[in-house]
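Here is my input, please return the structure:
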Amino acid sequence: MPESVQILNEARFNQSLPNGDFLQMVELTYQAVGLPPRRVFVMKDKDSPQERQRVIKADLDLIAATRPTRLDIP
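Predicted coordinates:
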């Protein structure tokens, strides 16, 4: 089932590399229901709605895999 997220902010910046070059990046701050805001990064030359979905889904999958088990105590 698709999960709806809200993009709260996006920012563009240059990430310096050790050899003096740089990568142009897009920082996305997003929020999914029940989670605090999170940040992910996309390379500017690969930025597209599909790439944003892929990166955010990978982040959500990581959260789900590392989230502690929830127990309901009566």
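
would you list every one of the helices in this protein?
All helices of the chain, identified by DSSP state H, fall at 49-66.

what stretches of it score poorly on pLDDT?
Counting by pLDDT under 70, the chain shows low-confidence ranges at 1-2.

how does it look with 80?
Within the chain, the segments meeting pLDDT under 80 span 1-3, 67-70.

centroid residue for it?
Here the mean C-alpha position of the chain is nearest to the C-alpha of V40 (CA atoms, centre = their mean), at a distance of 3.0 Å.

Surely it is in contact with Y30?
Yes. Applying CB atoms under 8 Å, one finds V40 in contact with Y30, separated by 7.0 Å. All C-beta atoms are positioned from the backbone trio N, CA, C, and that covers glycine.

Which neighbours do these two have in common?
Residues touching both V40 and Y30 by CB atoms under 8 Å, 6 or more residues apart in numbering: I56.

who's in contact with the residue nearest to the centre of the chain?
V40 neighbours (CB under 8 Å, 6+ apart): 27-28, 30, 55-56, 59.

Make a PyMOL selection of the buried ones in those.
Buried residues among those (16 or more other CB atoms under 10 Å), as a PyMOL selection:
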select buried, resi 28+30+55+56+59
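
Nearest to V5 among the contacts of V40?
Distance to V5, by CB to CB, is smallest for Y30 among these, at 4.8 Å.

is it true that the closest one touches Q6?
Yes. Contact criterion CB under 8 Å: Y30 and Q6 qualify, at 6.4 Å.

So what pairs up with the residue nearest to the centre of the chain in the strands?
L28 (DSSP bridges).

And the closest residue to V42 other than its chain neighbours, how close does it get to Q15?
Nearest non-adjacent residue to V42, counting by CB to CB, 6 or more residues apart in numbering: V26, 4.7 Å away. For V26, the distance to Q15 (CB to CB, to the nearest Å) stands at 11 Å.
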